[in-house]
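This is a predicted model, with the sequence first.
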Amino acid sequence: MGTVQIRPAVLALDDAATYLSLSSSAFKALVRGDELPRPVQLTAQRVGWRTADLDAWVASRPPSSNLPVRDSGYGRRGKPGRDQPGAEVAAASRAADSL
């Protein structure tokens, strides 16, 4: 039998922010500025954001003219290589792990 995955219908604030790859503070600022959908009232004390509303918001966003920087996944020092300090230790560690 296959695995069943259930997609949540509503997300709490932190989960909704993570869903959109935003910080919680940026998410709250967008909601306060009426740039993001308002939450729905779930109970007297609880609100949440519909994933369908968040998906529609993402779909309405214009394409970005900012492309990711080439090889941007390695931080300021660049891709690890032989000429960088600690490269020998990392290579030795990988060799030891393969034993």
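Nice, thanks for sending it over.

Contacts only, for Ala9.
Arg50, Thr51, Ala52 (Cβ atoms under 8 Å, 6 or more residues apart in numbering). All C-beta spots, glycine's among them, are computed from the backbone N, C-alpha and C.

Tell me how many other residues crowd the second one.
Yep, that's Thr51 we're talking about. If you count neighbours by other Cβ atoms under 10 Å, Thr51 ends up with 16.

With Val58 instead?
Neighbour count of Val58, defined by other Cβ under 10 Å: 11.

One more: Leu36?
By other Cβ under 10 Å, neighbour count at Leu36 equals 21.

quick one: Trp57 is in a helix?
Yes: secondary structure of Trp57 (DSSP: H, G, I helix; E, B strand; the rest coil): part of a helix.

Pull the contacting residues for it.
Trp57 neighbours (Cβ under 8 Å, 6+ apart): Leu20, Leu36, Pro37.

For the first one, what are phi and psi?
Read that as Leu20. Dihedral pair for Leu20: phi -100, psi 10, per degrees, to the nearest 10.

so the nearest residue to it once chain neighbours are set aside, which of the three states?
Leaving out its chain neighbours, the residue that sits closest to Leu20 by Cβ to Cβ, 6 or more residues apart in numbering is Leu54, at 6.2 Å. Three-state call for Leu54 (three-state DSSP): helix.

Let's have the contacts of Trp57 in JSON lines, adding pLDDT and distance to Arg46.
Output for the contacts of Trp57, formatted as JSON lines (pLDDT from 0 to 100; distance: Cβ to Cβ, whole Å):
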{"residue": "Leu20", "pLDDT": "95", "distance to Arg46": "20"}
{"residue": "Leu36", "pLDDT": "96", "distance to Arg46": "18"}
{"residue": "Pro37", "pLDDT": "95", "distance to Arg46": "17"}
